[in-house]
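Q: pasted the sequence and its predicted model underneath.
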Amino acid sequence: MKHLTLLSLALLTTAPVLGHEIVSEVDPDKVPAFDITSGAATTDGRLTTFIMEVAGVAGSEKPVPIGRVAGSRVEAYVWPTSLDPHVVGFDPESGTLALAITAHPDFDDTPLYDENNDGDPANDGADWHSHWVVLVDEAACGAGLKVRDVSPGVDLLPATAPYFPIALDSPGMSPILDGRVARITVPVGDTTSVSFDAVTAELQVNESEQVPLLCVTGVHDVASGDLSLPGRVRVEK
Ligand SMILES: [Ca+2]
Ligand SMILES: [Ca+2]
Ligand SMILES: [Ca+2]
């Protein structure tokens with residue numbers, strides 16, 4: 001009976017967290033830096049913070065530079081969300097709006113930001129930085145997903161987008177990679193009904209720079225296991 005009571009207490013104590021956070025097992029076959037152990041998000045009503053914990057050191061593995069954009073690789077910590085892409089300035093209902101922390105040493109996609117603080121805003125990419133992207137299904141991509149191909153000037157893009165022909169925005173929110181945790185805060189407040197997942201993935205620029213321009217080529221880990229977006233944003237004052 002004592003055990004039952006303790007178990008009930010434990011369930012009561014953890015119940016408000018369940019249904020918000022997503023828990024993923026440690027998998028010895030995965031690269032620890034991309035092996036997700038949990039995904040979570042909190043909001044104070046004005047800002048929302050997306051959080052991911054991994055088994056290793058977050059951000060410790062980056063793509064090897066190849067010296068050209070075509071065929072180059074991107075590593076990413078990604079939170080796919082149920083937010084409409086129009087919330088941040090893309091076409092409404094145009095795919096899955098995802099927040100991403102990425103590193104890609106072969107190209108700069110943050111024309112407004114000097115990520116490495118060397119006086120040149122056009123030579124970055126190797127350091128971890130943030131993006132909004134719109135993901136859509138693409139059978140031609142290794143993982144069945146791509147960043148949506150667009151025509152800048154025809155399709156809607158946020159003012160802070162680099163105006164590449166993909167649904168990519170570079171609004172400059174600083175990611176925090178600290179030990180096992182990757183997190184990022186975005187200026188989106190009305191998120192208590194938003195669902196999300198946590199994913200670690202590799203992307204690649206098309207070898208011939210044709211569409212699909214930016215494929216998701218491989219998925220390291222999906223917190224939910226099935227991309228069902230079971231996470232819910234927790235209110236934290
Ligand atoms: Ca995992
Ligand atoms: Ca830049
Ligand atoms: Ca720079």
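A: Right, received. Where do you want to start? Numbers count the residues shown, from 1 in each chain. Ligands and ions are numbered 1, 2, ... in the order given.

Q: all the helices of this structure, residue numbers only.
A: The residue ranges that make up the helices of the chain, judged by DSSP state H, are 2-14.

Q: close to ligand 1: what parts of it are there?
A: Counting by Cβ under 5 Å from the ion, the residues of the chain close to ligand 1 are 24, 35, 36, 221. C-beta: built from backbone N, CA, C; applies to glycine.

Q: gap between the closest residue to the last one other than its chain neighbours and ligand 3?
A: Of all residues beyond its chain neighbours, the one nearest residue 221 is residue 36 (4.4 Å), with distances taken as Cβ to Cβ, 6 or more residues apart in numbering. Between residue 36 and ligand 3 the computed distance is 30 Å (Cβ to the ion, to the nearest Å).

Q: center of the chain, which residue is that?
A: Per Cα atoms, centre = their mean, the C-alpha nearest to the average position across the chain is that of residue 78, at 1.8 Å.

Q: state the pLDDT value of it.
A: The pLDDT attached to residue 78 in the predicted structure is 98.

Q: how about residue 201?
A: In the predicted model, residue 201 carries a pLDDT score of 98.

Q: does it really touch residue 223, like I thought?
A: No. Contact status for residue 201 versus residue 223: not in contact, 11.9 Å apart, counting by Cβ atoms under 8 Å.

Q: isn't residue 21 right up against residue 37?
A: No. In this structure residue 21 lies outside contact range of residue 37 using Cβ under 8 Å: 10.4 Å.

Q: any common contacting residues for the two?
A: Contact criterion Cβ atoms under 8 Å, 6 or more residues apart in numbering; no residue bridges residue 21 and residue 37 by contacting each.

Q: low pLDDT regions in this protein?
A: Counting by pLDDT under 70, the chain contains low-confidence residues at 1-19.

Q: enumerate the residues of it near ligand 3.
A: Taking Cβ under 5 Å from the ion as the criterion, the contact residues of the chain with ligand 3 come out as 114, 116, 118, 120, 123, 124.
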